[in-house]
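Trainee: pasting the sequence and the predicted model now:
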Amino acid sequence: MKLKITKAGENERSVRLLIEGMITHPGASQLQALCHDYLQRHKQIELDCADIDFVDAKGAAVLNEFPRAEVTLLHAPRFVRQLLRGADRS
């Protein structure tokens, strides 16, 4: 399954996105652009990662570049947490 990003909720301060499928180069770039747009609007971002099946090197790099204070990964599978620096995001 390709990457599917669904907005699950939004208010004036934050947005929650459901991430499903595989985060590979094209999808990673899409996720990166979408999150940067929300960050530029000063929104906190919650990425619900429960349904991620695969992350390639580009996907891991994109997830790692997000500022931890502004982007929270929720329900990340173990393999995703292991790909991220410090593996302290959950």
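Mentor: Ah, there it is. Treat the numbers as computed from the prediction; the structure is a model and nothing was measured.
Trainee: spatially central residue for the chain, please.
Mentor: Nearest residue to the geometric centre of the chain (CA atoms, centre = their mean): Leu47, 4.7 Å.
Trainee: verify the stated contact: that one with Thr72.
Mentor: Yes - counting by CB atoms under 8 Å, Leu47 does reach Thr72; the two are 7.0 Å apart. Where you see a C-beta, it was placed from the backbone N, CA and C, and this is true even at glycine.
Trainee: ok so, going back, quick one: average pLDDT of the helix or strand encompassing the residue nearest to the centre of the chain?
Mentor: Assessed by DSSP states H and E, Leu47 sits inside strand 44-55. Computed over strand 44-55, the mean pLDDT rounds to 97.
Trainee: partner strands of it, parallel or antiparallel?
Mentor: Strand 44-55 pairs in its sheet with strand 14-23 (parallel), strand 71-74 (parallel), by DSSP bridges.
Trainee: and the last one, what's buried?
Mentor: The neighbour-count criterion (16 or more other CB atoms under 10 Å) identifies Val71, Thr72, Leu73 as the buried residues of strand 71-74.
Trainee: try the first one
Mentor: Of the residues in strand 14-23, those scored as buried under the neighbour-count criterion (16+ other CB under 10 Å) are Val15, Arg16, Leu17, Leu18, Ile19, Glu20, Met22, Ile23.
Trainee: which helix or strand in this protein has the lowest average pLDDT?
Mentor: The weakest-scoring helix or strand in the chain, judged by mean pLDDT, DSSP states H and E, is helix 78-83 (a mean of 90).
Trainee: counting by contacts, list what it packs against.
Mentor: strand 44-55, helix 57-65 (3 or more CB pairs under 8 Å, 6 or more residues apart in numbering; DSSP states H and E).
Trainee: coming back round to it: in CSV, list the strands paired with strand 44-55 along with mean pLDDT.
Mentor: Converted to CSV, those look like this (pLDDT from 0 to 100):
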stretch, mean pLDDT
strand 14-23, 98
strand 71-74, 96
